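**Student:** Fold the following, please.
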Amino acid sequence: MVAPVTGRLSTPPMIRGLPLLGSLIEWRRDHFAVFMRAYERHGPVFGIQLGPQKGVVLIGPEYHDFYFKEVDRTLSVPDLYKFVVPMFGDVMLAAQDFERRRGHVSLLQSAFKGGRLTHYTGVMTEEVETWLDGLGEHGEFDLWDTFEPLVMRIAASALMGPEIRARVDEFRPLLVDLARGMEFILPPNLPLPKFFRRDRAKRLLTEMLRPVLETRRRDPGGRSDFLQTLVDDDDLRAEGDEAQIGMALCTIFTGYITTAAQAAWTLVQLLRNPGYLGTVVRELDEGVARVPRLDWAFKESLRLRPVMGHYARMTAVEYEVDGYRVPKGWMTMLCPGVAHRLPGIFADPGRYDPERFAPGRAEDKRHPHALIGFSGGFYRCPGQAFGTAEVTTILGSLLSRYALTPLEADPPSDFDLGVTRPGSPCVIRYRRR
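**Tutor:** Numbering: from 1, shown residues only. Below is the predicted model of the structure:
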């Protein structure tokens, strides 16, 4: 299927697009629609042009194997992630040095395990209970405008500590400006307003965090949050303030925005399927320890509505896939939204059916990379357990206390913050049970 290039081969069939721009404009509006249409026409391997950049898109678990195993060999991470350097610096996936990059990721992996995760879960519960206490007997709220700041408060408390939690109303809009300055295709230093706001936000966030780091260093091990983990790490401390601040901002941004979006989609789908919602509520009322049906609902949301529209790496070494040549310098891309709807992997893949993850069916176990909502391989999302616990804490607490009115239709998708999220307005009506 995938091998070194032998002979003279053509490149994969290309999605038809505009001169110079290719599919860039439509892709910015809806990754999933572009990739699904191309898959239906060309099959699991096809090319795409996004402005000046060309790439190949690989659809299916067997290709996912190649993608995750060949990272840092055939496929380059930092050459692709240059676009985040203006936001966070050359840390984590953007770090050019192999050992340094892997060290950063390993540090994150250790920060979300064991007792630390237990501590974070306690913080989540406190923040969610505070939010619920303010809802009253009945009312309504906009889904995204409520979940996004709630998840930001949780992230500030659990990851950054009380110093940033106390200033979260100042911190959050700066982080959003930083996010809106993300640019995957265009040069990141063009004189555009969003880049000016991005650079201002980074400067102000750095000014906010620097004195916190200085205080924390005088009291090593004094707190249990993620920021303290960064402060206490000898290798990262040797890299200086910029690396610690960059890792802190990158982690809180990617963790909060993806979790808020996936929590929102999970609730949307539950409210669009009141029969299954009833089974979740019954489990909550029975006090089932892990509420498996809520876990399965989260997985089904991750399958049908993955917030990451694509994953990408830069092709560092030319390779052959299914008789096509993928040149060095092209992107190699995956699309979770299309891959999660393959009938050979998931039964009746367009249907909402969380029970497909129940023991005895476990359709996601048919292949190790069937479900890639958290990516895979060494660079798999280190905060997977944190994000899963956060979504189930928010929704479990909300559904235990309130009855929600079913939604008549799915809200439109929005991509303004780099993830696919439910757009506004999406009004949720509630009444205390």
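
**Student:** most centrally placed residue in the protein?
**Tutor:** Centrality entry for the chain: nearest residue to the mean C-alpha point is Thr258, 4.0 Å, by Cα atoms, centre = their mean.

**Student:** nearest residue to it other than its sequence neighbours?
**Tutor:** Spatial nearest neighbour of Thr258, excluding adjacent residues (Cβ to Cβ, 6 or more residues apart in numbering): Val307 at 5.2 Å. Using the backbone N, CA and C atoms, a C-beta is placed for each residue, glycine as well.

**Student:** ok so, going back, mind listing what the residue nearest to the centre of the chain touches?
**Tutor:** By Cβ atoms under 8 Å, 6 or more residues apart in numbering, the contact set of Thr258 is Val307, Met308, Cys381, Gly387, Val419.

**Student:** Mean pLDDT per helix and strand in the chain: which one sits at the bottom?
**Tutor:** Ranking every helix and strand in the chain by mean pLDDT, DSSP states H and E puts strand 2-3 at the bottom, with a mean of 76.

**Student:** Which strands border that strand, and is each parallel or antiparallel?
**Tutor:** Paired neighbours of strand 2-3 in the sheet (DSSP bridges): strand 319-321 (antiparallel).

**Student:** strands paired with the next helix or strand along the chain from the strand it pairs with, and their directions?
**Tutor:** For strand 319-321, the following helix or strand on the C-terminal side (DSSP states H and E) is strand 324-326. Sheet pairing of strand 324-326 (DSSP bridges) gives strand 319-321 (antiparallel).

**Student:** Any chance you could list what contacts the least confident helix or strand of the chain?
**Tutor:** Tyr63, Phe66, Tyr319, Glu320, Val321, Asp322.

**Student:** what residues does the helix or strand harbouring Ala312 touch?
**Tutor:** Using DSSP H and E, Ala312 sits in strand 311-315. The contact list for strand 311-315, computed with Cβ under 8 Å, 6+ apart, reads 55-56, 67, 71, 74-77, 79-80, 326-334, 336, 372, 375.

**Student:** Report the distance from that strand to the chain centre.
**Tutor:** 16 Å (Cα atoms, centre = their mean, to the nearest Å).

**Student:** Let's test this: mean pLDDT of that strand, rounded?
**Tutor:** In this model, strand 311-315 has a mean pLDDT of 97.

**Student:** Begin at 5, not 1, for the rest of this chat.
**Tutor:** All right, first residue 5 from here; so that's strand 315-319.

**Student:** Buried residues of the helix or strand that contains Met212, list them for me.
**Tutor:** Assigning secondary structure by DSSP H and E places Met212 in helix 197-221. By 16 or more other Cβ atoms under 10 Å, the buried positions in helix 197-221 come out as Phe199, Arg201, Arg202, Asp203, Ala205, Lys206, Leu209, Met212, Leu213, Val216, Leu217, Arg220.

**Student:** swap in stretch 102-118?
**Tutor:** Applying 16+ other Cβ under 10 Å to stretch 102-118 flags Arg104, Arg105, Arg106, Gly107, His108, Val109, Leu111, Leu112, Ala115, Phe116 as buried.

**Student:** of all the residues you listed, which two lie farthest apart?
**Tutor:** Spatial extent of the buried residues of stretch 102-118 (Cβ to Cβ) is set by the pair Arg104 and Phe116 at 20.0 Å.

**Student:** what's downstream of the helix ranked longest in the chain, the next helix or strand?
**Tutor:** Using DSSP state H to define each element, the chain has its longest helix at helix 245-276. Tracing the chain past helix 245-276, the next element assigned as helix or strand by DSSP H and E is helix 278-290.

**Student:** any idea of the angle that next one forms with helix 245-276?
**Tutor:** Between helix 278-290 and helix 245-276, the angle comes out at 110 degrees (axes from the mean of the first three to the mean of the last three Cα atoms, to 10 degrees).

**Student:** Tell me which residues are up against helix 278-290.
**Tutor:** 274-275, 295-298, 301, 356, 358, 400, 403-404, 408, 410.

**Student:** Which ones among these lie within helices?
**Tutor:** Leu274, Leu275, Pro296, Arg297, Leu298, Ala301, Gly400, Leu403, Ser404.

**Student:** For Glu167, state which of those is nearest.
**Tutor:** Gly400 (29.1 Å).

**Student:** I'd like to know how far that closest one sits from Val311.
**Tutor:** Remark: distance between Gly400 and Val311 (Cβ to Cβ, to the nearest Å) = 20 Å.

**Student:** who's more crowded, these two?
**Tutor:** Counted by other Cβ atoms under 10 Å, Gly400 and Val311 do not tie: Val311 has more neighbours, with 25 against 19.

**Student:** who touches the more buried one in this structure?
**Tutor:** Thr262, Ala265, Gln266, Trp269, Gly377, Val423, Thr424, Arg425.

**Student:** Tell me the one of those nearest Pro195?
**Tutor:** Checking the contacts of Val311 one by one against Pro195 (Cβ to Cβ), the nearest turns out to be Val423, at 26.5 Å.
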